[in-house]
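A.B. asks: structure for this input, please:
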Amino acid sequence: MKIQDVVNAEIELLTAIKKADILTLEKMLHDDLLFNLPDGNTVTKEVDLDSYRSGKMKIDSLEASDQIVNIIDDSAVVAVTVSLKGAFGEFPIDGAYRYIRVWKQFDRVPKVIAGSCVQLT
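C.D. replies: Model prediction:
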């Protein structure tokens, strides 16, 4: 796995999140994904995708910065700050979040296998 492949995958993932592109998200998220939310809850791929399918998750703007990528064999760990505006159901989202994502290569295709995010103050 190369750094540029991971950087490109991150761009594709964030674009899919912003557009609620379910097909791309299904392809990029591993079936056994676990992701920790800022409130401490852990969600699966299906729970995450359902929030987009149902329209509950709406992203109006998204901007990434301060990205760090570490390659470890066929995996990569990415830390990135994302400024988000949107809503999750009736709750507004407006702030900066620090994400960590773990990518693993499967048949030359990187997939997110784990992640977590915290809100920055």
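A.B. asks: residues in contact with the closest residue to residue 74 other than its chain neighbours?
C.D. replies: With sequence-adjacent residues excluded and distances taken as CB to CB, 6 or more residues apart in numbering, residue 74 is closest to residue 105, at 4.4 Å. To be clear about C-beta, it is placed using only N, CA and C from the backbone, and glycine gets the same treatment. Contacts here follow CB atoms under 8 Å, 6 or more residues apart in numbering; on that basis residue 105 touches 1, 74, 75, 111.
A.B. asks: same check, this time on residue 11
C.D. replies: Taking CB under 8 Å, 6+ apart as the contact definition, residue 11 lies against nothing.
A.B. asks: which element is it on?
C.D. replies: Counting by DSSP states H and E, the secondary-structure element that holds residue 11 is helix 3-19.
A.B. asks: what does residue 66 give?
C.D. replies: In this structure, residue 66 sits in strand 57-72 according to DSSP H and E.
A.B. asks: assumed residue 47 was part of a helix.
C.D. replies: Yes: with DSSP: H, G, I helix; E, B strand; the rest coil as the criterion, residue 47 is part of a helix.
A.B. asks: buried residues of stretch 105-115, list them for me.
C.D. replies: Across stretch 105-115, burial judged by 16 or more other CB atoms under 10 Å covers 105, 110, 111, 112, 113, 114, 115.
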